[in-house]
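Student: Sequence first, then the predicted structure:
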Amino acid sequence: MKNILVLFLLVLVSTSLKAQEYSFGLMLGTNIYSMNLTSGDGTNLGVDKGITPFNLGLFGTKKIGEKSGMRLNIFYGQSVERGFFSDNISTGKINIQKLNLQVFYKYYPSKVYGEGKYLLAGPRMTLINSAERRDDGFDFTDLYNDSNFGLNAGLGFHLTSQLNIEFLIDYGLPNIVNIGDNKVSSIGAFLNVLFNIESLISK
């Protein structure tokens, strides 16, 4: 994971030195979500809830039009999930370490690029690094698939030239966990705060 982050930062720095159409910086955020568990025949088996108190990572943006661009977010987070029930046994609360990647198309509906409000939409990929019971550290990593995918869409705002805030809705595509024929999808939300380092360097 560290190698991926270092490579990502090096690419952003090198490209930003060549063109003003690139920007990069730090990202801090949080997210909440609800997961719906259904059996193979469609029976609803309940809902699990999760929260990620913090996400920390990097972002990079490239302008591709007068009012549009592409964005990549890569960030780490540790979620806390309420836990699943299987054969009348509860897993208890689970701490999950994740590496997330989000790729967005970014569009400014009424103003020029880089100012005011903008729209975001695109896919998410999450890699599960570990999943352990909060009480005793029991390993539940095998309960989760190594990766899962989702679709994100939302709004962003330029508060200053260095500071952005974003609100995103996330739909997690089945299947998040590996429990027989059961399927799990999710619905949630991200709050991201972005600090544009490139704008400080280029001054």
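Tutor: Structure received.

Student: For the spatially most central residue of the chain, which residues count as its bridge partners?
Tutor: When Cα atoms, centre = their mean is applied to the chain, the residue found nearest the centroid is residue 100 (4.9 Å). For residue 100, the beta-bridge partners are residue 75, residue 126 (DSSP bridges).

Student: Check whether it really touches residue 74, as I assumed.
Tutor: Yes - contact status for residue 100 versus residue 74: in contact at 7.2 Å, counting by Cβ atoms under 8 Å. All C-beta atoms are positioned from the backbone trio N, CA, C, and that covers glycine.

Student: and for those two, which residues touch both?
Tutor: Contact criterion Cβ atoms under 8 Å, 6 or more residues apart in numbering; residues shared by residue 100 and residue 74: residue 57.

Student: how much space between the residue nearest to the centre of the chain and residue 138?
Tutor: Residue 100 is 24 Å from residue 138, where distance means Cβ to Cβ, to the nearest Å.

Student: tell me the contacts of the residue nearest to the centre of the chain?
Tutor: Residues near residue 100 by Cβ under 8 Å, 6+ apart: 55, 57, 73-77, 124-127.

Student: please redo it, this time with the cut-off set to 10 Å
Tutor: Residue 100 is in contact with 29, 31, 52, 55, 57, 73-77, 124-127, 150, 170, 190, counting by Cβ atoms under 10 Å, 6 or more residues apart in numbering.

Student: Buried among those residues? Need that as a selection in PyMOL.
Tutor: Under the burial definition 16 or more other Cβ atoms under 10 Å, those of the contacts of residue 100 that qualify are selected in PyMOL by:
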select buried, resi 29+31+52+55+57+73+74+75+76+77+124+126+150+170+190
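
Student: how about the helices of this structure, start to end?
Tutor: Secondary structure of the chain (DSSP state H): helices at 2-18, 198-201.

Student: By mean pLDDT, show me the worst of the ones you listed.
Tutor: For the helices of the chain, mean pLDDT drops lowest on helix 2-18, to a mean of 48.

Student: Residue 33 contacts residue 168, doesn't it?
Tutor: No - under the criterion of Cβ atoms under 10 Å, residue 33 makes no contact with residue 168, lying 11.4 Å away.

Student: For this structure, which residues score under the pLDDT cut-off?
Tutor: 1-20, 39-47, 84-90, 199, 202-203 (pLDDT under 70).
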